[in-house]
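In: predicted model and sequence follow; I will ask about them next.
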Amino acid sequence: MFNVTTKSIEWAGRTLTLETGKMARQANGSVVATYGETKVLATAVAQAQAKEGFDFFPLTVNYIEKTYAAGKIPGGYFKREGRPSEKETLVSRLIDRPIRPLFVKGFKNDTQVMVHVLSHDLENDPDVVAMVAASAALTISGLPFMGPIGAARVGYKDGGYVINPTVEEMDESELDLVVAGTADAVMMVESEAKELSEEIMLGAVMAGHEGFQPVIDLIIQLAEEAAKEPWDFQPEDHSAEKKQVADLVEADLRAAYGNTDKVARQTAIAAAKTKATEALVASEDKPDGMSKTVFSDVFKSVEASIVRGDIIKTGKRIDGRGLADVRNIVSEVATLPRAHGSALFTRGETQALCVATLGTGEDEQYVDALTGTYKETFLLHYNFPPFSVGETSFRLAPGRREIGHGKLAWRALRAVLPDAESFPYTIRLVSEILESNGSSSMATVCGGSLALMDAGVPISRPVSGIAMGLIKDEDGVAVLSDILGDEDHLGDMDFKVAGTSEGVTSLQMDIKIAGITKDIMQTALEQAKGGRMHILEKMNEALTGAREEVGEFAPRIETITIPTDKIRDVIGTGGKVIRQIVEETGAKVDVNDDGVIKVASSDKASIDAALKWIKGLTAEPEVGEIYEGKVVKVMDFGAFVNFFGPKDGLVHVSQMKAERVNHPSDVVAEGDTVRVKLLGFDDRGKVRLSMKAVDQETGEDLEAKGEAETAEA
């Protein structure tokens, strides 16, 4: 019934198996990839006809995790997976970025790649396996895909690279880098590092590229036996139409791109486009004119030729800068008076307003992952409103781009954050992009670093980031620092590097051509380092390090550790005690299972009151110590005093005064505050207290004083 083809290799200590012919046979391409006991199904399907009116390639990639893969049932009322998680969105982007440039230019058929995680062994992250499976499915599908690609994760520990470290091994790694590419070149890099040098980062990329070569060979072996007939697709030749557009408006476009102001430049480009549209695009009066889709393609091609050619020939860019120049930078902190920390970072025509908010354990984010539920204490949310580029649109939930840019900045900053023990806050950082013309994600890194320091978060060092570009053609190669939006759209590379003065904390690269060489990457990294150092100097003009205290309106947090068997005393039946502490002191109280209690409030008196209460509930009174207490009951033989949290003790009538007392009521009454000394415990464990051993006015220990005087005599 099944015509199954299976290929396997040993890869980084585990078996990688690719299988096709059993599952999802109606898809153009379908491959099940198994690595260890992690198993994913990747399918690739394209519509038979091109989509009309599209001037871009309509590719959709969906990476899908179902909780059954880890033997779990989803949380929530409906017990069914809902909207994509952040992990699913990020891995979808991870797969999309290296495969999109490898489809034949001009292919406009609606194409969908779907990857389902079928099993997760909790050791091998499915993301790299998903990339390999997607590449294999496309390679055997017959679609005009110029792959295959391979992918690998690279760790760094004890001075050496580790290919495809397990989930457990990643906990001790100084690097988490995912690299993908073809047999000849790197296509995509995504990474997080602990301030590693450019040399180590480049070595990791090359180690990953070398490490996934056997995977590419395995996919080719699978395709040699199982690939479907290639689609008969030939891209249309629009050189004649391009010449028509160039002849008509090339001079206008050159003049437009000679304008260094973005708004004026875009206005001039729009005028040239309108002129060409009216003259060349089909209409009722010109039925033989170009289609709108063809015109859009060739107009962009003319733009690219002008911009790219001028940069290669002259070394000058759209806004007049040299290849390595960074735009003007203005850094400002304490922008918002009530925020815990804020910064406004402006670089050229890109501007980010970053706001840091400090919270308590109640504000931690619970993340329900296949590997288990965990709590996240550092949140970074990136927002890109349409007004930042002078446009209008519907206000929608964060899209893939916003989630991806936010995660990149999160990775860049996480390496410098303090540990939870020394700084027990939940940190939320929000980046509002107010203007955008190139690399708002790196502006988020810079502004976010300043906002954290302004909030008093003791980060180890400031972090800056820069976006690099590339123009590569037969006439030469140009690496561009701090790219503009147009240089991103018309260029060949988007290469983002973030880090401190000591090293790189995050690196991300996307390539629009068939990959780049090691030499180009090395040049880009060296040029990026100079740009990062320049940006750090400009950031230091606003703030060089974290403020000594958290912001005026931020909560203060103090911690105390109690024995775990005392936790129930603090919480009380049904939470009664902890609610009472919160209500009466005004402080927030978070109790962890390990006995660590965090007490938070913007009022120090509230913290002190809550801490005193908790200590009273959990600590044990010490014999010989003096305590202040309240008389709760007067009896014929003495008085009971509440002296230590909920603990009461008896002051016998003989221990009330040095002289004889006829009745306790002659000395104390209920509600009186007295000072007592803990004498010890009787045979039944009852507490014995003394008032006469303590000076009731000063609290001085009279017994100890008398013993000292006797010793001197």
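Out: Yep, it's here.
In: just to be sure, Glu278 is in a helix?
Out: Yes: applying DSSP: H, G, I helix; E, B strand; the rest coil, one finds Glu278 inside a helix.
In: do you know how far it is from Ile483?
Out: With distances taken as CB to CB, to the nearest Å, Glu278 is found 32 Å from Ile483. From N, CA and C alone the C-beta is placed, and that goes for glycine too.
In: who's more crowded, those two?
Out: Neighbours were counted for Glu278 and for Ile483 using other CB atoms under 10 Å; Ile483 has more, 25 against 11.
In: confidence score at the more buried one?
Out: pLDDT, Ile483: 91.
In: ok, now which ones touch it?
Out: Contacts here follow CB atoms under 8 Å, 6 or more residues apart in numbering; on that basis Ile483 touches 438-439, 467-469, 491, 494.
In: pop out the phi and psi values for it.
Out: Backbone torsions for Ile483, taken as degrees, to the nearest 10, come to phi -70, psi 150.
In: and the gap between it and Asp494?
Out: In this structure, Ile483 and Asp494 are 7 Å apart, going by CB to CB.
In: sketch out the low-pLDDT regions of the stretch 501-650 of the chain for me.
Out: Across the stretch 501-650 of the chain, residues meeting the criterion (pLDDT under 70) sit at 515, 645.
In: so which strand or helix has the nearest residue to Lys647 once chain neighbours are set aside?
Out: With sequence-adjacent residues excluded and distances taken as CB to CB, 6 or more residues apart in numbering, Lys647 is closest to Pro621, at 6.3 Å. Counting by DSSP states H and E, no helix or strand carries Pro621.
In: do Glu526 as well
Out: Here Glu526 is covered by helix 518-540, with elements defined by DSSP H and E.
In: so which elements touch that helix?
Out: Here helix 518-540 is seen to pack against helix 198-211, strand 329-333, helix 440-454, strand 464-473, strand 476-481, strand 493-499 when contacts are counted using 3 or more CB pairs under 8 Å, 6 or more residues apart in numbering; DSSP states H and E.
In: still on that earlier bit, the contacts of Ile483: which two are farthest apart?
Out: Greatest spacing in these, by CB to CB: Ser439 and Gly491 (12.4 Å).
In: in terms of neighbours, single out the busier of those two.
Out: Set side by side, Ser439 and Gly491 show unequal neighbour counts under other CB under 10 Å, the larger going to Ser439 at 26 against 23.
In: now the closest residue in space to the more buried one that isn't next to it in sequence: how far from Ala268?
Out: Here the nearest residue to Ser439 in space, its sequence neighbours aside, is Ala467; by CB to CB, 6+ apart that works out to 3.4 Å. With the distance defined as CB to CB, Ala467 ends up 25 Å from Ala268.
In: what is the end-to-end distance of stretch 689-699?
Out: Separation of the first and last residues of stretch 689-699 by CA to CA, to the nearest Å is 14 Å.
In: chain center to it, what's the gap?
Out: In this view, stretch 689-699 has its centroid 59 Å away from the chain centroid, taken as CA atoms, centre = their mean, to the nearest Å.
In: tell me the secondary structure of Phe56, please.
Out: Classification of Phe56 by three-state DSSP places it in coil.
In: determine the angle, from 0 to 180 degrees, between the strand or helix carrying Val128 and helix 198-211.
Out: Assigned by DSSP H and E, Val128 belongs to helix 126-141. Counting by axes from the mean of the first three to the mean of the last three CA atoms, to 10 degrees, helix 126-141 lies at 50 degrees to helix 198-211.
In: could you pull out the buried residues of helix 126-141?
Out: Buried positions in helix 126-141, judged by neighbour count with 16 or more other CB atoms under 10 Å: 126-141.
In: what pairs with the helix or strand following it, parallel or antiparallel?
Out: For helix 126-141, the succeeding helix or strand toward the C-terminus, using DSSP H and E, is strand 150-157. Based on DSSP bridges, the strands next to strand 150-157 in the sheet, each with its direction, are strand 160-163 (antiparallel), strand 175-181 (antiparallel).
In: how far does the shortest one sit from the chain's center?
Out: Looking back up the chat, that one is strand 160-163. 23 Å.
In: repeat for the longest one
Out: Using CA atoms, centre = their mean, we find the averaged C-alpha position of strand 175-181 to lie 16 Å away from the chain's own average C-alpha position.
In: Val307 contacts Ile318, doesn't it?
Out: Yes: contact between Val307 and Ile318 holds when scored by CB atoms under 8 Å: they sit 6.5 Å apart.
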